[in-house]
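Peer 1: my questions are about this predicted structure, shown below with the sequence.
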Amino acid sequence: MAAASGSLAATLPADLLHRIFCAADPEAAELGLNVDLLSFEERVRAEAVCKHWRAALTSRPAACAFIHLGSELTWQGSEAEAASEKAVRRALAVAARAPLADRIYSDVGDMDSQQLIAAHSAALEALLGCLGPRTLALELPHNCKALPAYLAAAASHTSLARLELNISGDVSLAASPALPGLPHVTELEFTPISGGDSIALSLPMPRLQEANLVADDTEYGPIPLQGVSILAAGPGTGPGGGSSQQALLSSLTRLKVEAHRLELDGAALPALAQLHLDLYFPHGRLVVRNAAALTSLSRLDLRPTTVYDDASLAHMAPWSAVEADTVVRSNRLTPLLTGVSRTLRQLSLNLEEPLNTSMTAAVRGLTNLTRLELKLGGSGPEYDGQYEADIFGFEPACVRLDCRLLAGMAQLRQLALSQDRDLLANALLSRAALRRLPALHTLSLGDPSPLPALAPHLPPSLTRLDLSG
């Protein structure tokens with residue numbers, strides 16, 4: 001590279017050289033990733049080759065699809081100090097140049113270095129100071145105490161559109177003098193690193209439209225969040241000086257949660273239109289306050305499940321697998337269904353245990369539904385392709401649906417029914433009630449076995465029949 005001035009590269013036009021330096025990594029492109037071939041450090045080294053290269057790289061702002069403000073602070077003693085100093089110098093160099101970057105990834109390793117956190121914060125402010133939407137991805141596997149400093153540095157920038165958090169430990173995003181809110185974030189994603197992680201969210205994000213608080217998929221099965229808490233902000237000053245409840249996430253329309261426990265205050269989510277909830281048992285718990293305040297909720301996907309899926313059971317000792325509590329308490333979702341019955345139009349629900357009196361009443365009360373998808377479980381997970389009777393020594397009860405529960409759904413246009421073990425023909429009771437669905441035009445069955453028994457009872461409005469079996 002030192003002889004570049006006498007090479008063909010020295011004769012290329014600056015615009016062409018710039019396009020070469022900004023080329024994407026072809027291997028990453030094959031995977032659908034937008035990653036530059038040259039890293040930030042390689043760009044800096046290329047500028048030092050000759051004036052022609054430097055002019056090509058600095059003729060317009062350098063655009064990087066990805067910038068990593070990382071550090072590998074795993075050494076001890078003097079090595080750790082040297083690594084920290086190197087990471088600080090690099091972060092300050094990034095801050096000085098402020099290259100354009102679509103995605104900014106930052107971590108401080110496992111070392112509690114205030115100097116490094118300050119340098120990263122300075123780099124974040126410089127990177128986010130550029131125009132255009134940016135994604136900030138923070139991975140703090142051993143140092144979640146650094147999170148407030150990072151967010152405080154980034155919060156005021158209008159370019160901070162998407163925030164991704166991959167953090168170990170319990171995280172509380174709450175308003176403080178240093179961090180009153182995240183006023184410009186429109187997307188939030190939170191993924192745990194370890195099984196004990198939880199997130200409590202009470203930080204105003206008035207422009208947030210989508211939030212995904214999801215499990216970490218591993219070879220041993222998903223690692224869901226231990227707990228998710230979304231609470232309303234404190235009282236504010238209403239008209240005439242009175243007190244009023246402030247909406248925490250006033251623009252949030254889509255929320256996805258995969259956790260053992262969810263505590264939700266409907267007053268925090270006045271615009272929520274879609275909620276997807278995977279509630280993990282045996283410790284699944286759902287607490288919903290002010291469910292009636294969810295006046296915009298029209299679509300609900302409820303998938304109670306268990307941490308003991310096929311992959312996790314396969315890695316357990318036989319005696320441990322036998323003792324695993326695989327029961328899924330889907331009836332615990334009743335309060336949420338009851339609270340949003342008036343606004344709900346689309347529902348996808350896994351019923352994993354026989355309906356109790358409260359759940360029966362909740363399903364019967366969903367009279368405004370236009371689309372209903374029911375998966376009748378009760379079988380729990382498979383273990384090495386065998387039924388639980390072969391592994392656990394018992395035959396789990398099959399959940400059955402009394403079709404008379406649907407009779408009041410006069411607006412129902414689409415109905416999908418399936419069963420874990422392809423035993424749907426035995427799971428549908430009082431089939432004649434289906435004829436009392438005057439608007440039904442699409443029926444989807446997970447397997448074709450119940451069709452002969454259902455055919456005489458299908459309503460004349462039916463125009464489409466889907467058989468996925």
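Peer 2: Yep, it's here.
Peer 1: now stretch 462-469: average pLDDT?
Peer 2: Averaged across stretch 462-469, pLDDT comes to 85.
Peer 1: likewise stretch 223-241?
Peer 2: Throughout stretch 223-241, pLDDT has a mean value of 68.
Peer 1: swap in stretch 158-175?
Peer 2: The predicted confidence, averaged over stretch 158-175, sits at 87.
Peer 1: buried stuff in it?
Peer 2: The neighbour-count criterion (16 or more other Cβ atoms under 10 Å) identifies 159-169, 171, 173 as the buried residues of stretch 158-175. All C-beta atoms are positioned from the backbone trio N, CA, C, and that covers glycine.
Peer 1: can you list which of the residues you listed are found in strands?
Peer 2: Using DSSP state E to define strands, the subset of the buried residues of stretch 158-175 located there is Leu160, Ala161, Arg162, Leu163, Glu164, Leu165, Asn166, Ile167, Val171, Leu173.
Peer 1: in three-state terms, label the nearest residue to the fifth one once chain neighbours are set aside for me.
Peer 2: The shortest distance from Glu164 to any residue that is not its chain neighbour, by Cβ to Cβ, 6 or more residues apart in numbering, is 4.1 Å, and that residue is Ala137. At Ala137, secondary structure determined by DSSP: H, G, I helix; E, B strand; the rest coil is strand.
Peer 1: in the sheet, who's paired with Ala137?
Peer 2: With DSSP bridges as the criterion, Ala137 is bridged to Tyr105, Glu164.
Peer 1: do the same with Leu443
Peer 2: Each beta-bridge partner of Leu443 is listed here, defined by DSSP bridges: Leu415, Leu465.
Peer 1: and it, how many neighbours does it have?
Peer 2: Neighbouring residues of Leu443 were enumerated by other Cβ atoms under 10 Å; the total is 21.
Peer 1: distance-wise, check it relative to Ala293.
Peer 2: Distance from Leu443 to Ala293, counting by Cβ to Cβ, to the nearest Å: 34 Å.
Peer 1: does the residue nearest to Glu164 touch His68 like I think?
Peer 2: No: proximity of Ala137 to His68 does not meet the contact threshold set by Cβ atoms under 8 Å, at 9.4 Å.
Peer 1: with adjacent residues omitted, what lies nearest to Arg345?
Peer 2: Leaving out its chain neighbours, Arg345 is closest to Ser298 (Cβ to Cβ, 6+ apart), at 4.5 Å.
Peer 1: I'd say the one you found and Leu347 touch.
Peer 2: No: here Ser298 does not reach Leu347: they are 9.8 Å apart, not a contact under Cβ under 8 Å.
Peer 1: more neighbours: the two, which one.
Peer 2: Legend: neighbour count by other Cβ under 10 Å for Ser298 and Leu347, higher for Leu347 (21 against 18).
Peer 1: phi, psi for the more buried one please.
Peer 2: Backbone dihedrals for Leu347, given as degrees, to the nearest 10, come out at phi -140, psi 130.
Peer 1: beta partners for it?
Peer 2: Leu347 forms beta bridges with Leu300, Leu372, as assigned by DSSP bridges.
Peer 1: pretty sure Ser250 sits in a helix.
Peer 2: No: in this structure, Ser250 is coil, not part of a helix, as judged by three-state DSSP.
Peer 1: which one is it nearest to, not counting chain neighbours?
Peer 2: With sequence-adjacent residues excluded and distances taken as Cβ to Cβ, 6+ apart, Ser250 is closest to Pro206, at 5.3 Å.
Peer 1: tally of neighbours for that neighbour?
Peer 2: Pro206 is surrounded by 16 other residues when neighbours are defined as other Cβ under 10 Å.
Peer 1: tell me the secondary structure at it.
Peer 2: Using three-state DSSP, the three-state assignment for Pro206 comes out as coil.
Peer 1: that one and Thr186, how far apart?
Peer 2: 10 Å.
Peer 1: after the lowest-mean-pLDDT helix or strand in the chain comes which helix or strand?
Peer 2: Among the helices and strands of the chain, strand 243-245 carries the lowest confidence by mean pLDDT, DSSP states H and E, at a mean of 40. Downstream of strand 243-245, the next assigned helix or strand under DSSP states H and E is strand 254-265.
Peer 1: quick one: the strands in the stretch 101-250 of the chain?
Peer 2: With strands called from DSSP state E, counting those that start in this stretch, the stretch 101-250 of the chain shows them at 134-140, 160-167, 171-174, 187-192, 198-202, 210-213, 216-218, 221-223, 225-230, 235-237, 243-245.
Peer 1: give me the pLDDT for Tyr387.
Peer 2: The predicted local distance difference test score for Tyr387 is 42.
Peer 1: same question for Leu406.
Peer 2: Reading off the model, Leu406 has pLDDT 95.
Peer 1: which phi and psi does it have?
Peer 2: The main-chain torsion angles of Leu406 are listed as degrees, to the nearest 10 and equal phi -90, psi -10.
Peer 1: tell me how many other residues surround it.
Peer 2: Neighbour count for Leu406, taken as other Cβ under 10 Å: 23.
Peer 1: measure it to Val363 for me?
Peer 2: As it turns out, when the distance is counted by Cβ to Cβ, Leu406 lies 8 Å from Val363.
Peer 1: and Lys375, by the same measure?
Peer 2: When distance is defined by Cβ to Cβ, Lys375 is 14 Å away from Val363.
Peer 1: over to Leu462?
Peer 2: Distance from Leu462 to Val363, by Cβ to Cβ: 21 Å.
Peer 1: swap in Ala291?
Peer 2: Distance check for Ala291 against Val363: by Cβ to Cβ, it reads 16 Å.
Peer 1: these two: who's more crowded?
Peer 2: More neighbours sit around Val363 than around the other of Ala291 and Val363, counting by other Cβ under 10 Å; the figures are 25 against 18.
Peer 1: isn't there a helix covering that one?
Peer 2: Yes: going by three-state DSSP, the assignment for Val363 places it inside a helix.
Peer 1: which non-adjacent residue is nearest it?
Peer 2: When the adjacent residues along the chain are set aside, Val363 lies closest to Leu405, with 5.0 Å between them (Cβ to Cβ, 6+ apart).
Peer 1: which SS state does that neighbour fall under?
Peer 2: Leu405 is classified as helix under three-state DSSP.
Peer 1: equivalent analysis for Pro270, please.
Peer 2: For Pro270, the reduced secondary structure class is coil; criterion used: three-state DSSP.
Peer 1: so how many other residues sit close to it?
Peer 2: Taking other Cβ under 10 Å as the neighbour definition, Pro270 ends up with a count of 18.
Peer 1: what's the neighbour count on Leu69?
Peer 2: As a burial measure, the neighbour count of Leu69 was computed by other Cβ under 10 Å and equals 25.
Peer 1: err, Ile20, not the other one
Peer 2: Other residues close to Ile20 by other Cβ under 10 Å number 13.
Peer 1: alright, calling it a day.
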